[in-house]
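here is a sequence with its predicted model. Questions after.
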Amino acid sequence: MQLKLTKYLLAILLILKHLSLGLGQITINVNQLKYDNTTVLNNQNFNPSGTGPDQATSNNSQGPNPVLLPNNSSSIQKEIVFIRFSPYFGVEYGPNVESRADDKYSIDEIKKMLKVILTKSNSILTYSMGIWYSKHTGSLGETSYSLTATAAAQLNKEYNKQLLSISQGASILLDGENSAQPDIENAFLSAQQANGIYFNTVSSITFRVGAGYVEDQQSGQRAITEIRKQKLRAHGMGLKVGIRVNICGDIQGGPNQQMLTELATTADYFVCSVYPPFAIAEPSDFVNYVTSTLTTYKSAFAKVAPNLEIVFRTGLASEGDSYKNPAYMNTPQKSKDLWDRLQSWVEQNKVRVFMHEAFDTPASLAWNDGHSGYWKAVGNGNYVEKGTGQVVNV
């Protein structure tokens, strides 16, 4: 009997082999079909039932909808599972994830990116409202950067739960530059509109100065002036105000100590950039340096501004030269390891971080900063988790 079954199986295999002529080798797995070097994945739909991030499930009632991915993408599918809400582990995000001439993305495209982020983080720091594209107050739809808060609020409302918390970026330009007031006005307008859709989606306004940070006396004094002007307004809307700072170490007796002391008593929080000043090959050493440095900063600021919250910003590129590291030290696996280690540390120590950054940004390649993303766009609205090669199916 066993011999007959074996013969039947061999006959069936021979028939299948002949039927596959012209199709290439076919390998079947649970959630994927692979044709030669092109992967076809099942596109599963969300069920926005209001069950929350820890219970969100996919819905296959309509059957698979194949999506062709580029040949260089992974053949492994990562199911969408939202993490449980936590305010501590955050990411920097801007929607410029592809090389587009107009750099514009629809609100649905942005919502899809936010769903990808929700597999790792709930807290997002945006860069600005896009002042370099729009000079007009009240024109939120003119730039993709201005749509993030609205997209997050819509997701929160759809799930009837706080999935995302946004710290809205806003630009303060230096004296002599074109006025940044439209960017600031649009940031407050964005917060008002988003929180009108879902309460407390935007929790704060984080200012950037000049090229992005307080890094000398001029940018520091400019930040002090603007934050004093906007703080009462922000607090009246239930928003905190913070500032990106690149010289937090100067609080320990550096040349900008006095200015930082004044700024620290003005803002509600600092976002301190914390990076090793030298090349570090291993994520464990990177984490040890960053966390010990942050602890020192917190102790120093507590002496002059005990109510100031110290948030930190850091990251590690996954390829190419960046942040003191030569290209051979930067790999997707090391970048993921760093994110995982810091996520564990901030959760245990109840300290907030914003990782640089959510997605690779081709526009930043000119200054060796285009490969700092945890995910990258691979075309046709699909995204890959770089450290594992998994396609995040949203």
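Noted; the coordinates are in hand. Residues are numbered from 1 along each chain as shown.

how much space between A194 and K157?
10 Å (CB to CB, to the nearest Å). C-beta here means a position set from N, CA and C on the backbone, and glycine is covered the same way.

can you give me the buried ones in the lengthiest helix in the chain?
Longest helix of the chain, by residue count under DSSP state H: helix 283-304. Going by neighbour count (16 or more other CB atoms under 10 Å), the buried part of helix 283-304 is 283, 286-287, 289-291, 293-294, 297-298, 300-301.

could you point out which element follows it?
Downstream of helix 283-304, the first helix or strand assigned by DSSP states H and E is strand 309-314.

buried stuff in the helix or strand following that following strand?
Going down the chain from strand 309-314, the next helix or strand is helix 332-349, by DSSP H and E. Buried residues in helix 332-349, counted by 16+ other CB under 10 Å: 332, 334-339, 341-343, 345-346.

list the contacts for Q154?
107, 111, 197-198 (CB atoms under 8 Å, 6 or more residues apart in numbering).

list buried residues within the residues you listed.
Restricting these to buried positions leaves 111, 197-198, with burial counted as 16+ other CB under 10 Å.

hang on, I247 packs against Q257?
No - with contact defined as CB atoms under 8 Å, I247 does not reach Q257; the gap is 9.7 Å.

with neighbour numbers in mind, choose between those two.
More neighbours surround I247 than the other of I247 and Q257, with 20 against 16 (other CB atoms under 10 Å).

over to that one: give its phi and psi.
phi -130, psi 40 (degrees, to the nearest 10).

from Y127, how far off is it?
For I247, the distance to Y127 equals 19 Å [CB to CB].

and A149, what does it touch?
Applying CB under 8 Å, 6+ apart, the residues contacting A149 are 126, 166, 168, 190-191, 193-194, 201-202.

ok, now how distant is it from L263?
Using CB to CB, A149 is found at 25 Å from L263.

so for stretch 90-107, what's the average pLDDT?
Stretch 90-107 carries an average pLDDT of 87.

tell me the secondary structure at I224.
Classification of I224 using DSSP: H, G, I helix; E, B strand; the rest coil returns helix.

that one reaches T261, doesn't it?
No - assessed by CB under 8 Å, I224 is found out of contact with T261, at 10.7 Å.

and the longest helix of the chain, what does it pack against?
On a contact count with 3 or more CB pairs under 8 Å, 6 or more residues apart in numbering; DSSP states H and E, helix 283-304 meets helix 257-264, strand 269-273, strand 309-314, helix 332-349.

quick one on the thing from earlier: more crowded one of A194 and K157?
Shown here are A194 and K157; by other CB under 10 Å, A194 has more neighbours (26 against 16).

what about V241, how many neighbours?
22.

am I right that it falls within a strand?
Yes - counting by three-state DSSP, V241 falls inside a strand.

from what I can see it touches A234, true?
Yes - counting by CB under 8 Å, V241 does reach A234; the two are 4.8 Å apart.

return every residue with contacts to both of these two.
Listed as contacting both V241 and A234 by CB under 8 Å, 6+ apart are 204-205.

and A223, what does it touch?
172, 207, 209, 214, 243, 263, 267.

again but with A267, I slipped
By CB under 8 Å, 6+ apart, the contact set of A267 is 223, 227, 231, 241-243, 308.

identify the bridge partners of M355.
V91, T314 (DSSP bridges).

and it, how far is that from E309?
17 Å.

same question, P87
11 Å.

can you check G253 too?
22 Å.

more neighbours: which of the two?
E309 (17 against 8).

tell me if I'm right that S372 and H356 touch.
Yes - counting by CB under 8 Å, S372 touches H356, with 5.3 Å between them.

neighbour count for the two, which is higher?
Taking other CB under 10 Å, S372 and H356 do not tie; S372 has more neighbours (25 against 21).

mind checking the SS state of that one?
Classification of S372 by three-state DSSP places it in coil.

next, the buried residues of stretch 233-247.
234, 239-247.

possible to save the contacts of A267 as JSON lines with distance to G379?
Below are those laid out as JSON lines (distance: CB to CB, whole Å):
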{"residue": "A223", "distance to G379": "40"}
{"residue": "I227", "distance to G379": "41"}
{"residue": "K231", "distance to G379": "44"}
{"residue": "V241", "distance to G379": "39"}
{"residue": "G242", "distance to G379": "36"}
{"residue": "I243", "distance to G379": "37"}
{"residue": "L308", "distance to G379": "44"}
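
can you give me the end-to-end distance of stretch 372-392?
Length of stretch 372-392, first residue to last, CA to CA, to the nearest Å: 18 Å.

now do the helices in the protein.
Under DSSP H, the chain gives helices at 2-19, 107-117, 148-159, 181-197, 217-236, 257-264, 283-304, 332-349.

which strands or helices does the last one pack on?
What that stands for is helix 332-349. Packed next to helix 332-349, using 3+ CB pairs under 8 Å, 6+ apart, are strand 89-93, helix 283-304, strand 353-355.

figure out which of these is closest to R313.
Closest of these to R313 is strand 353-355, at 4.8 Å (criterion: CB to CB).

where does pLDDT dip in this structure?
Low-confidence segments of the chain (pLDDT under 70): 1-80, 101-102, 131-139, 141-142, 175-180, 211, 323, 363-370.
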